[in-house]
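A.B. asks: Below: sequence and its predicted model.
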Amino acid sequence: MSVSSSRKITPILGAELDKLVTLPWIWITLMGTFMLNLVLAAAYTSVGLQGAAGTQNILNIGLASMGYLQAGFIILGILATCSEYTGGQIRTTLTVIPWRGFQLSAKHLAMAIITIPAAFIITASGVLYTFIMMKDTAVVIEIDAIIESLAGATGYLTLTTLLSAAIGGLLRRTTPALVILLGYYFIVSPLTRDFLPSIRIYFPDTAGHYMYMPPSSDEINGLTPVQGTCILMLWTLIFITVAIVFYRKRDA
Amino acid sequence: MRAFHAELSKLFSLPGIWLAFLIGVFAPAVIAALDSIAQKEEIIAGVSTRLSEVGYIGLALGVQGVIILGVLAVSSEYLTESSESGGGQQITTSLTVVSSRLHFLLAKAGAVTVISILLCMVAIITTVSATHLILGEYTPALEWSRLIGAVCYWTFTALLALGITVLTKNSIIPLAVLMINSSVVSFSVLLYRVTKLAFYLPDRAGFEMFMFTSDRYHTPLTGSLFDRYHTPFTGGLVMFTWVAVIFIVAAIVFHRRDVAA
């Protein structure tokens, strides 16, 4: 069957978006992440208010919850690809869309379309809450810096989601994918801070960290936001490519 | 007793359980080894401050293995099979065979307890040998009370994971919450700066059973965040209360609920 590739992409993307939007767990995860972020922002703000007044940076406090927040987006990415494999939906999908490379790329694209606004709303709400609570005590920074950091944070969360989706597609089962990714982001990565300080800035999460964190003076060999973005994007693309290669070769 | 055997054999036949064993046995040893290497440099430089904590940090983080164990033990029962093979759930079969729900839950908890105790013992052996291998003559003396504390911490955490999973019937929420909370960036570290009540959270109280023996505790991992708050015994008691409460709630909910709904 020969269909021109430009005519294929729109319906495939539409179908993938449809599948993601109708997955109840996606909405549960997004709502849960939103709530959790507000609670964490409140906690960090109250810690910040207890500290020395007038010296804190609103952005630093507003984005401090990112470390926990990424868990929600990791789950989102894993759910998007692993849900295909529970109950054999994958076989229906591949019967309808027999072009595997296109299908998986369209899934990642659809994932990005959903994640970008969600990530922006969630991070912005955290920063906004901090801003409202700390208007009087903290150093007010210009709006440009806020927008830059929010864009960085959104990009970081989106790329992390895509990375998790690719790994979910590779492993095809929710629990191992969840264990490996959460284990990496929350246990291995904080440990490497002490044990491998020199190479860890090239790891996906640390490189991504520089996308949204305002530059601090005590960091010697930090990356610029652009460098961070490039490195994280490279990691994501590598994993997506590997996932597509395996997906094309493997039995459904 | 037969239900207990059945639960054990169900657990051992789960493919995901090997991941739990792998993490539970090797992660503590690897973390302890890395920490020992860092310690050795400090000892040689003469600035060692936390020799007594070496190895225990590995046991504190290796608890991930039993979290997976506790979560999988329950969530695997609720996994829906594909529509091509009938779309059933194991829990319906399990409850047909062991019709008393309380017995079923107790057998499961018993199996998880036994496996986590064994796993923790193996982890202690690998961790202790790893630290001995690297630190040699500097190795701190073993304290049995603290090792028993670590075993209790692992067992309680596994039971906590099991209880929460009975309530959620799904592996995602308990895995995410418990894995993050038992890691270095635990929620309770944050909450403890907001309110002192965070000391009564299960993971923070459980830590007291074998960590923070010195009054002021300091590592590069955690900074000087931690002060000692409970004695090891009250820490254990607080954590046990959490486990008991969650278990009772889980048992009541499980008893009243439709099989797989």
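C.D. replies: Structure's in. What do you need?
A.B. asks: Return the alpha-carbon coordinates of stretch B:242-258 using PDB.
C.D. replies: In PDB, the C-alpha atoms belonging to stretch B:242-258 read as follows (Å, rounded to 0.1, in the frame of the first residue of the first chain):
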ATOM      1  CA  TRP B 242       2.200   3.500  61.000                       C
ATOM      2  CA  VAL B 243       2.500   0.000  59.600                       C
ATOM      3  CA  ALA B 244      -0.100  -1.300  62.000                       C
ATOM      4  CA  VAL B 245      -2.600   1.500  61.200                       C
ATOM      5  CA  ILE B 246      -2.100   1.200  57.400                       C
ATOM      6  CA  PHE B 247      -2.400  -2.500  57.700                       C
ATOM      7  CA  ILE B 248      -5.700  -2.400  59.600                       C
ATOM      8  CA  VAL B 249      -7.200   0.200  57.200                       C
ATOM      9  CA  ALA B 250      -6.100  -1.900  54.300                       C
ATOM     10  CA  ALA B 251      -7.600  -5.100  55.900                       C
ATOM     11  CA  ILE B 252     -10.900  -3.400  56.500                       C
ATOM     12  CA  VAL B 253     -11.100  -1.900  53.000                       C
ATOM     13  CA  PHE B 254     -10.000  -5.200  51.500                       C
ATOM     14  CA  HIS B 255     -12.600  -7.100  53.500                       C
ATOM     15  CA  ARG B 256     -15.500  -4.800  52.400                       C
ATOM     16  CA  ARG B 257     -14.500  -4.400  48.800                       C
ATOM     17  CA  ASP B 258     -15.700  -6.200  45.800                       C
END
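A.B. asks: so how far is it off the chain centroid?
C.D. replies: 19 Å (Cα atoms, centre = their mean, to the nearest Å).
A.B. asks: Now do the contacts for B:Val30.
C.D. replies: Going by Cβ atoms under 8 Å, 6 or more residues apart in numbering or on different chains, B:Val30 touches B:58, B:130. C-beta here means a position set from N, CA and C on the backbone, and glycine is covered the same way.
A.B. asks: change it to 10 Å
C.D. replies: Going by Cβ atoms under 10 Å, 6 or more residues apart in numbering or on different chains, B:Val30 touches A:188, A:191, B:58, B:61-62, B:126-127, B:130.
A.B. asks: do A:Pro24 as well
C.D. replies: By Cβ under 10 Å, 6+ apart, the contact list for A:Pro24 is empty.
A.B. asks: Around chain A, which positions in the stretch 101-250 of chain B sit nearby?
C.D. replies: Contact residues (Cβ under 10 Å from any Cβ of the partner chain) of the stretch 101-250 of chain B with chain A: B:170-173, B:175-187, B:190-195, B:198, B:219-222.
A.B. asks: ok, 8 Å please
C.D. replies: The stretch 101-250 of chain B has residues B:171-172, B:175-176, B:179-180, B:183-185, B:187, B:190-191, B:193-194, B:220-221 near chain A, with proximity defined as Cβ under 8 Å from any Cβ of the partner chain.
A.B. asks: Among these, which one has the most neighbours?
C.D. replies: B:Leu175 (27 neighbours; other Cβ atoms under 10 Å in any protein chain shown).
A.B. asks: Closest approach to chain B from the stretch 1-150 of chain A, which residue is it?
C.D. replies: Distance from chain B to each residue of the stretch 1-150 of chain A (Cβ to the nearest Cβ) is smallest for A:Gly88, at 4.1 Å.
A.B. asks: Using CSV, write out every CA atom in the one helix or strand A:Cys82 maps to.
C.D. replies: Taking DSSP states H and E as the criterion, A:Cys82 maps to helix A:66-82. Extracted in CSV, the C-alpha atoms of helix A:66-82 (Å, rounded to 0.1, in the frame of the first residue of the first chain):
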residue,chain,number,x,y,z
MET,A,66,11.1,20.7,40.2
GLY,A,67,13.0,17.9,41.7
TYR,A,68,9.8,16.2,42.8
LEU,A,69,7.7,17.5,40.0
GLN,A,70,9.7,15.5,37.4
ALA,A,71,8.4,12.3,38.9
GLY,A,72,4.9,13.1,37.6
PHE,A,73,6.2,13.7,34.1
ILE,A,74,8.2,10.5,34.2
ILE,A,75,5.1,8.6,35.0
LEU,A,76,3.3,10.4,32.2
GLY,A,77,5.8,9.4,29.6
ILE,A,78,5.9,5.8,30.8
LEU,A,79,2.1,5.5,30.9
ALA,A,80,1.8,6.8,27.3
THR,A,81,3.9,4.1,25.8
CYS,A,82,3.3,1.2,28.2
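A.B. asks: C-terminal to that helix, what's the next element?
C.D. replies: helix A:89-96.
A.B. asks: Quick check: end-to-end length of stretch B:182-191?
C.D. replies: For stretch B:182-191, the first-to-last residue distance is 14 Å (Cα to Cα, to the nearest Å).
A.B. asks: before we move on, the earlier item: distance from the chain centre to the helix holding A:Cys82, please.
C.D. replies: 7 Å.
A.B. asks: Quickly check: that helix near chain B or not.
C.D. replies: Yes: with Cβ under 8 Å from any Cβ as the criterion, chain B is reached by helix A:66-82 at A:67-68, A:71, A:75, A:79.
A.B. asks: Same list (these) but as JSON lines, adding neighbour count and distance to A:Asp251.
C.D. replies: JSON lines is the format used below for those (neighbours: other Cβ atoms under 10 Å in any protein chain shown; distance: Cβ to Cβ, whole Å):
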{"residue": "A:Gly67", "neighbour count": "18", "distance to A:Asp251": "38"}
{"residue": "A:Tyr68", "neighbour count": "20", "distance to A:Asp251": "37"}
{"residue": "A:Ala71", "neighbour count": "22", "distance to A:Asp251": "31"}
{"residue": "A:Ile75", "neighbour count": "29", "distance to A:Asp251": "27"}
{"residue": "A:Leu79", "neighbour count": "24", "distance to A:Asp251": "22"}
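A.B. asks: Name the nearest residue to the residue most central in space within chain A, sequence neighbours excluded.
C.D. replies: Centroid check for chain A by Cα atoms, centre = their mean gives A:Leu157 as the closest residue, at 2.6 Å. Spatially, and ignoring its direct neighbours in sequence, A:Leu157 is nearest to A:Ala119 (3.8 Å; Cβ to Cβ, 6 or more residues apart in numbering or on different chains).
A.B. asks: which residues does that neighbour contact?
C.D. replies: A:73, A:153-154, A:157-158, A:161.
A.B. asks: and the two most separated of those?
C.D. replies: Greatest spacing in the contacts of A:Ala119, by Cβ to Cβ: A:Ala153 and A:Thr161 (12.6 Å).
A.B. asks: In terms of helices and strands, where is B:Gly87?
C.D. replies: Following DSSP H and E, one finds B:Gly87 outside all helices and strands.
A.B. asks: Run a quick neighbour tally on it.
C.D. replies: Neighbours around B:Gly87, by other Cβ under 10 Å: 11.
A.B. asks: No further queries at this time; thank you.
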